[in-house]
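Peer 1: Here you go, sequence then predicted model.
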Amino acid sequence: MAPVNRKIIEVKLRQGTHQTTEISPFLFNEYLGGYGIGVRLLMEKMNPAADALGPENILGFAPGYLTGTGFIGADRYMVFGKSPSTGGWGDANSGGYFGRRMKETGVDVILLSEISNTPVYLYLDESSVQLLDAASLWGMDCYETDDELKRIHGKDCEVACIGPAGENLSMIAGISTDKGRMAARSGLGAVMGSKRVKAIVVKGKKKTTVASPELFREKRQKMAKGLKNNPFAQGLSGRGTAMFYETCVNVGDAPIKNWAGTKADIKAPEAITEEVMETYRSKKYNCSSCVIGCGGHEKVESGPYKTATSVHKAEYESMALTGSNLLNDSAASLIKINDLCNRYGMDTIGCGGLCGYAIESFEKGFITGEHTAGLELTWGDTESIITLVEQIGRGEALGATLMKGFDHAISTFGEETADFAIAVRNEALPAHDPRWSAGLALTYYTDATPARHTQGSTTFPVGGYQQPEMTNDNLSGRAKYHIDNVNLTHALSCLGLCTFCLSIVDYRDVVETLRLADGNDWSEESFNKTGSRISVMRHLFNLKAGIHFKSFKFPERVLGNPPLAEGPTSNVKIDLDLLVNEYLDEVGYDHETLQPSELLLEELNISQFS
């Protein structure tokens, strides 16, 4: 069946066994790939109320439905399972080359259950599945692990691995590929560490086919030409996401001083710009089928933040959360911090958010030198920030508390510090401020995986979607547009598309190309419905796990309580209750129980999971 293999490998780690079975074409038609097929399988195979770090949780890996076909920007693979950070559904994704190579082994989904008695890694090629000893790898960072496994299995394999953060069960542990492409959110690296799985190695050359190869190729070429001529894509190709930093600081989108400050607090705004970051670039980086190439490698040649090698560049989110958010104005240090997070296997968003919490708590006396091993935490003090990042990565000193997440830190240092935790359900907010665009607050709060700007919103509509202009002056009336963007984003993501491609490429062209890829009679309506099905299933997983998003707090300062006194978002206040209530009415969830209506469940053919 084009463009998938219809194969799933289920590995029982304690028993050391595996089973390969076929996946029904019906499931792919209903859920596509990635976390779409993932949530459908896990709702059937595990109890969402299970301990996220226990043997009953299942950790899954799946490339997108179109990953490996050569479709523009369809490079991503997804990791999924119950999140130890949020206590609900968790997924994360990454680009690069791992997703394509995994599909080239002839497998669409890997599911890991139970807990291994000893450290292991999974090796997968076109003819074999092996659990191999990883005792010698345990304790290595992500770079060392990647190098060693490619030495053993050849440069043509791809590696997904955890570092010390995952081994230590850090709530911000991610899963690394290609020494810096990180499936970072939801703390799923900790799930991998709890199962004592150090890595997954994939090696194959099986070609991914499509239903109408010639027409598919022609469509791809036409879309590639359009992308190359798109001004936004050209900007990304030339400068990467660093081009966002200065603008986001200026308009009030980037976090400053743990979301409580403004540009006036930044002493040297000229110190971090796209031009400055460009001076460190050593080479460009493209994911496997992308014509944009927004990635790259950087190297700090000298000074206290010298990097040993060329490393993956610091992206906008990393720059903002460890730069402006901490009043850190050292460009070279941003590269160093990003490198450290990649080596330890940590989410840079979570790390930057925890650092902001720690500095503010220290400033106000709730954290002291006794907690930090004598480290003085101060806004803009680059040396102490880097030391704190290393403490979090190693799980030492203050880092031993912070690595367990915001909720644990608040229980340790006092409820008075809760206002400094800029997070939703223990997940740090990304570097886009609802006071700049209120639609983000609704996404951060209601999505099954909270505090993520890539889950669909009216702020970042999908390519080709038509919606009226929306401002913070009028919050009412946007629920339908929000839901459409959420549904389309989930469907596009489960095809394997990256965030930038799904925001540039017209989704109607994607639907047309999807028909050429699998031969099914897709329409814009059926595509939207598929995204809705994925969205609601993730929500149902959370309900079964006991997660009701309305029972959780949203950081008040990010809603403008109190409002900023100056800057482009001064005096902005966001009525989250209004946004949520209109959303619940439109989507068809009960306001009290959050249970989807029977009509919605029947329309999506998922009544059996309610």
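Peer 2: Received the coordinates, thanks.

Peer 1: ok, residue 346 - contacts?
Peer 2: Listed by Cβ atoms under 8 Å, 6 or more residues apart in numbering, the contact set of residue 346 reads 163, 165, 170, 172, 173, 174, 184, 392, 393. All C-beta atoms are positioned from the backbone trio N, CA, C, and that covers glycine.

Peer 1: isn't the fourth one right up against residue 345?
Peer 2: No: in this structure residue 172 lies outside contact range of residue 345 using Cβ atoms under 8 Å: 9.3 Å.

Peer 1: more neighbours, those two?
Peer 2: residue 172 (35 against 31; other Cβ atoms under 10 Å).

Peer 1: Tell me the confidence at that one?
Peer 2: Per-residue confidence at residue 172 stands at 98 (pLDDT).

Peer 1: Kindly report the same for residue 301.
Peer 2: Reading off the model, residue 301 has pLDDT 94.

Peer 1: okay but residue 588 is in contact with residue 595, surely?
Peer 2: No: if you go by Cβ under 8 Å, residue 588 and residue 595 don't touch, sitting 9.7 Å apart.

Peer 1: Contacts only, for the residue nearest to residue 532 when sequence neighbours are not counted.
Peer 2: Leaving aside its sequence neighbours, residue 532 sits nearest to residue 487 (Cβ to Cβ, 6 or more residues apart in numbering; 4.5 Å). Under the criterion of Cβ under 8 Å, 6+ apart, the neighbours of residue 487 are 456, 528, 529, 530, 531, 532, 535.

Peer 1: Looking at those, state which has the most neighbours.
Peer 2: Neighbour max across these (other Cβ under 10 Å) = residue 456, 29 neighbours.

Peer 1: doesn't that one fall inside a strand?
Peer 2: No: according to DSSP: H, G, I helix; E, B strand; the rest coil, residue 456 belongs to no strand; its state is coil.

Peer 1: follow-up on the earlier one: so what sits against both of residue 172 and residue 345?
Peer 2: Counting by Cβ under 8 Å, 6+ apart, the common neighbours of residue 172 and residue 345 are residue 165.

Peer 1: how near is residue 375 to residue 292?
Peer 2: Counting by Cβ to Cβ, to the nearest Å, the gap from residue 375 to residue 292 is 40 Å.

Peer 1: Okay, now the unreliable bits of this protein?
Peer 2: When residues are selected by pLDDT under 70, those of the chain lie in 1.

Peer 1: Please, where are all the strands along the stretch 51-200 of the chain?
Peer 2: 59-63, 77-82, 89-94, 109-113, 120-125, 129-133, 158-161, 175-177, 181-183, 197-203 (DSSP state E, counting those that start in this stretch).

Peer 1: Indicate which one of the ones you listed is closest to residue 608.
Peer 2: strand 89-94 (17.8 Å; Cβ to Cβ).

Peer 1: Output the contacting helices and strands for the closest one.
Peer 2: Applying 3 or more Cβ pairs under 8 Å, 6 or more residues apart in numbering; DSSP states H and E, we find strand 89-94 packed against helix 34-45, strand 77-82, strand 175-177, strand 181-183, helix 188-194, helix 524-544.

Peer 1: can you list these in JSON lines and add distance to residue 354?
Peer 2: Putting these into JSON lines (distance: least, Cβ to Cβ, whole Å) gives the following:
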{"stretch": "helix 34-45", "distance to residue 354": "25"}
{"stretch": "strand 77-82", "distance to residue 354": "21"}
{"stretch": "strand 175-177", "distance to residue 354": "19"}
{"stretch": "strand 181-183", "distance to residue 354": "16"}
{"stretch": "helix 188-194", "distance to residue 354": "14"}
{"stretch": "helix 524-544", "distance to residue 354": "24"}
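
Peer 1: Of all the ones you listed, which one comes closest to residue 16?
Peer 2: Closest approach to residue 16 among these (Cβ to Cβ): helix 188-194, 16.9 Å.

Peer 1: What is that closest one packed up against?
Peer 2: Helix 188-194 is packed against strand 59-63, strand 77-82, strand 89-94, helix 164-167, strand 175-177, with contacts defined by 3+ Cβ pairs under 8 Å, 6+ apart.

Peer 1: Quick one: residues in contact with the shortest one.
Peer 2: Residues outside strand 175-177 that contact it (Cβ under 8 Å, 6+ apart) are 79, 92, 94, 96-98, 142, 146, 158-163, 166, 182-183, 188-189, 192, 342, 345.

Peer 1: Over to the fourth one?
Peer 2: Residues from elsewhere that reach helix 164-167 (Cβ under 8 Å, 6+ apart): 138-139, 141, 172-175, 189-190, 192-193, 198, 344-346, 392-395, 403.

Peer 1: still on that earlier bit, I'd like the helices and strands packed on helix 188-194 as TSV, with distance to residue 242 appended.
Peer 2: Shown next, in TSV, are those (distance: least, Cβ to Cβ, whole Å):
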stretch	distance to residue 242
strand 59-63	28
strand 77-82	25
strand 89-94	19
helix 164-167	25
strand 175-177	21
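
Peer 1: More neighbours: which of residue 375 and residue 292?
Peer 2: More crowded of residue 375 and residue 292, by other Cβ under 10 Å: residue 292, with 25 against 20.

Peer 1: Now the more buried one: phi and psi?
Peer 2: phi -80, psi -60 (degrees, to the nearest 10).

Peer 1: quick one: contacts for it?
Peer 2: 73, 227, 233, 236, 237, 286, 500, 501.

Peer 1: hmm, try it at 7 Å
Peer 2: Counting by Cβ atoms under 7 Å, 6 or more residues apart in numbering, residue 292 makes contact with 227, 233, 236, 237, 500.

Peer 1: Show me the domain layout of this protein.
Peer 2: Domains of the chain are assigned by automatic domain parsing as 230-428, 439-609.

Peer 1: deepest of these, which one?
Peer 2: domain 230-428 (a mean of 21; mean count of other Cβ atoms under 10 Å).

Peer 1: wait, doesn't residue 105 sit right on residue 127?
Peer 2: No: if you go by Cβ atoms under 7 Å, residue 105 and residue 127 don't touch, sitting 9.2 Å apart.

Peer 1: Could you pull out the residues contacting both of those two?
Peer 2: By Cβ under 7 Å, 6+ apart, no residue touches both residue 105 and residue 127.

Peer 1: Those two: which is more packed in?
Peer 2: Neighbour count, other Cβ under 10 Å: between residue 105 and residue 127, residue 105 has more, with 24 against 8.

Peer 1: Not counting sequence-adjacent ones, nearest residue to the more buried one?
Peer 2: In space, and not counting its chain neighbours, residue 105 is closest to residue 204: 3.5 Å by Cβ to Cβ, 6+ apart.

Peer 1: Against residue 104, how distant is the one you found?
Peer 2: Residue 204 is 4 Å from residue 104, by Cβ to Cβ.

Peer 1: Same check on residue 49?
Peer 2: Residue 49 is 36 Å from residue 104, by Cβ to Cβ.

Peer 1: Between these two, point out the one with more neighbours.
Peer 2: The neighbour comparison of residue 49 against residue 104 (other Cβ under 10 Å) goes to residue 104, with 22 against 11.

Peer 1: List phi and psi for that one.
Peer 2: Backbone torsions of residue 104, given as degrees, to the nearest 10, read phi -70, psi -10.

Peer 1: got the contact list for it?
Peer 2: By Cβ under 7 Å, 6+ apart, the contact set of residue 104 is 68, 204, 205, 206.

Peer 1: Save these as CSV, and put in neighbour count and distance to residue 368 too.
Peer 2: As requested, the contacts of residue 104 are arranged in CSV below (neighbours: other Cβ atoms under 10 Å; distance: Cβ to Cβ, whole Å):
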residue, neighbour count, distance to residue 368
68, 28, 52
204, 20, 53
205, 11, 57
206, 14, 57
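
Peer 1: Now that residue 440 has come up, it's in contact with residue 457, right?
Peer 2: Yes: Residue 440 is within contact range of residue 457, at 5.7 Å (criterion: Cβ under 7 Å).

Peer 1: Work out for me the element the residue nearest to residue 532 sits within.
Peer 2: In this structure, residue 487 sits in helix 479-495 according to DSSP states H and E.

Peer 1: And the following helix or strand past that helix, how far out from the chain middle?
Peer 2: Note on helix 479-495: by DSSP H and E, the next helix or strand toward the C-terminus is helix 499-504. Mean-position distance between helix 499-504 and its chain equals 15 Å (Cα atoms, centre = their mean, to the nearest Å).
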